[in-house]
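Asks: Next input, structure requested:
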Amino acid sequence: MKILQALFFPPEQPGGVSSMVPYIQERFNRMAGWQMELFFLPKRVRGKGTEDVPLRTFDPEQYTGNPIVDRYRQTIRDYLWWTKLRLKEERYDLIHAHHPIAALVLKYVYPDVPVLVTIHSSYERELILNGKIEANSPVQAYLVSLYREMEASCDRMITVSDAFKQYMTPYLAQPDNVQVIRNGFDQKRFRPMNHDTPVPQLVTLCRLVPAKGLDVLLQACARLKHAGKSFVLHIIGDGDIREELEELAEKLDIYEETIFYGYMLHPEQFIPFFDIFVLPSRAEAFGSVFAEAALCWLALVGTDVGGISEQIEDGKNGLLVPVDDVDALAAALERLIDNQDYRNELAQAANERANKTYSIARVIRELKDVYGAYVQ
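Replies: As a prediction, this is how the structure comes out:
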């Protein structure tokens with residue numbers, strides 16, 4: 001069986017897809033009779049495509065003239081141009097896309113091949129939370145219409161959490177047909193370290209954008225310092241608001257306690273040296289970084305949203321706090337800073353659950369069953 005895993009971003013980009021799909025490819029290629037390839041749009045391909053992908057369920061022309069929509073539609077054309085250029089002689093038994101653009105293009109190019117699509121996140125919700133568009137705007141209307149288009153075009157829709165399945169429900173005709181396959185990780189990548197840090201080390205790993213709630217984290221850390229608590233906050237990642245966050249850290253008088261690293265290619269090699277992973281996201285479809293931090297044996301603190309609340313059982317394998325609640329976040333961090341035994345207990349519970357629930361072997365089994373329903 002020859003399978004194409006169709007990504008949008010190159011596989012070295014941060015995020016759940018990059019944490020999982022290359023390792024899925026490696027495992028499947030070791031199986032007898034299975035061959036899997038990766039395909040994605042290189043960053044250098046911009047403005048090449050001129051052909052539109054016909055849509056079945058709505059007319060995209062009504063949104064023409066909006067810069068974000070126009071750019072998104074051009075990216076679809078570019079993906080189609082690149083697909084026809086690179087894959088014109090290729091034949092596949094099944095295609096598994098990991099982005100709406102990849103799904104719509106590949107189904108158009110290969111109408112007789114089963115195309116499955118996994119939806120890993122919500123671009124429209126990210127744009128709203130990051131202040132790029134208004135809720136109920138034409139951009140949001142265009143982007144959410146793509147869910148129904150994928151439902152009509154693709155052979156199966158998959159997502160990564162029950163919460164995100166529920167999010168998509170209003171935009172689908174038959175939401176019960178959406179399958180949930182949670183992300184999995186190659187545990188060999190994660191090597192927990194025994195280390196004794198007299199000053200608790202907090203770490204967060206994400207794109208530096210408003211949706212991740214790092215302004216709330218900095219305010220919470222300022223309250224910790226005001227209360228006389230010792231800590232170091234490590235921020236791994238880069239993004240649009242890095243300068244703004246650095247200015248906020250200085251304004252809050254925690255710049256000396258905060259280290260900004262920028263983008264890091266293999267953070268899992270570094271994370272085991274920290275104590276507490278914290279990310280107060282305003283929305284997460286899954287939140288792969290929590291599972292990765294758990295596999296590194298860190299105590300977890302997250303917000304009670306989306307896929308985060310499906311990974312963390314408050315007080316059992318981590319702590320959950322409400323979104324945008326500085327006091328609650330500061331209290332949760334203080335609780336872990338003050339009680340190393342409790343911190344270690346939560347970290348151990350998180351690690352055990354992650355190893356049991358988020359193994360790459362489980363994902364392989366589930367995908368093999370799904371793929372087998374379409375081709376033998």
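
Asks: show me where this protein has strands.
Replies: For the chain, the strands defined by DSSP state E occupy 2-6, 35-39, 94-97, 115-119, 156-159, 179-180, 201-205, 232-236, 258-262, 276-279, 299-303, 319-321.

Asks: tell me the most buried of these?
Replies: Among the strands of the chain, strand 299-303 has the highest mean neighbour count (mean count of other Cβ atoms under 10 Å), at a mean of 29. C-beta: built from backbone N, CA, C; applies to glycine.

Asks: still on that earlier bit, which one, of the strands of the chain, ends up nearest to Ala350?
Replies: Proximity to Ala350, assessed across these by Cβ to Cβ, is greatest for strand 299-303 (5.3 Å).

Asks: what residues does the closest one touch?
Replies: By Cβ atoms under 8 Å, 6 or more residues apart in numbering, the surrounding residues in contact with strand 299-303 are 213, 275-282, 284, 287, 290, 293-294, 308-309, 311-312, 317-323, 329, 332-333, 336, 343-344, 346-347, 350.

Asks: Report the inter-axis angle for that strand versus strand 201-205.
Replies: An angle of 50 degrees separates the directions of strand 299-303 and strand 201-205 when computed by axes from the mean of the first three to the mean of the last three Cα atoms, to 10 degrees.

Asks: Provide the strand pairings for strand 299-303, with the direction of each partner.
Replies: Strand pairing for strand 299-303, using DSSP bridges, gives strand 276-279 (parallel), strand 319-321 (parallel).

Asks: hang on, the earlier thing: how about the strands of the chain in a markdown table, adding mean pLDDT and distance to Gln74?
Replies: What follows is those, written out as a markdown table (pLDDT from 0 to 100; distance: least, Cβ to Cβ, whole Å):
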| stretch | mean pLDDT | distance to Gln74 |
| --- | --- | --- |
| strand 2-6 | 96 | 19 |
| strand 35-39 | 95 | 19 |
| strand 94-97 | 98 | 19 |
| strand 115-119 | 97 | 21 |
| strand 156-159 | 98 | 25 |
| strand 179-180 | 98 | 31 |
| strand 201-205 | 97 | 31 |
| strand 232-236 | 97 | 32 |
| strand 258-262 | 97 | 29 |
| strand 276-279 | 98 | 32 |
| strand 299-303 | 98 | 34 |
| strand 319-321 | 98 | 40 |
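
Asks: I'd like a version of the ones you listed in a markdown table, one that adds distance to Trp81 as further columns.
Replies: As requested, these are arranged in a markdown table below (distance: least, Cβ to Cβ, whole Å):
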| stretch | distance to Trp81 |
| --- | --- |
| strand 2-6 | 15 |
| strand 35-39 | 13 |
| strand 94-97 | 17 |
| strand 115-119 | 19 |
| strand 156-159 | 25 |
| strand 179-180 | 31 |
| strand 201-205 | 34 |
| strand 232-236 | 35 |
| strand 258-262 | 32 |
| strand 276-279 | 37 |
| strand 299-303 | 40 |
| strand 319-321 | 45 |
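
Asks: what about the protein, any weak spots by pLDDT?
Replies: Low-confidence regions of the chain, defined here as pLDDT under 70, cover residues 12-16, 19.

Asks: quick one: the helices in it?
Replies: Under the criterion DSSP state H, helices of the chain are mapped to 16-30, 67-87, 100-109, 123-129, 138-153, 162-168, 214-226, 242-251, 288-295, 308-311, 326-338, 340-357, 360-372.

Asks: can you list contacts of the first one?
Replies: Outside helix 16-30, the residues that touch it by Cβ under 8 Å, 6+ apart are 3, 5, 7, 9, 11-12, 34-38, 98-99, 120-121, 160, 183-186, 286, 288, 292, 360-361, 363-364, 367.

Asks: Any buried residues in that helix, and which?
Replies: Of the residues in helix 16-30, 16-21, 23-25, 27-28 count as buried by neighbour count, 16 or more other Cβ atoms under 10 Å.

Asks: What of stretch 332-344?
Replies: Using 16+ other Cβ under 10 Å, the residues of stretch 332-344 that count as buried are 332-334, 336-337, 343.
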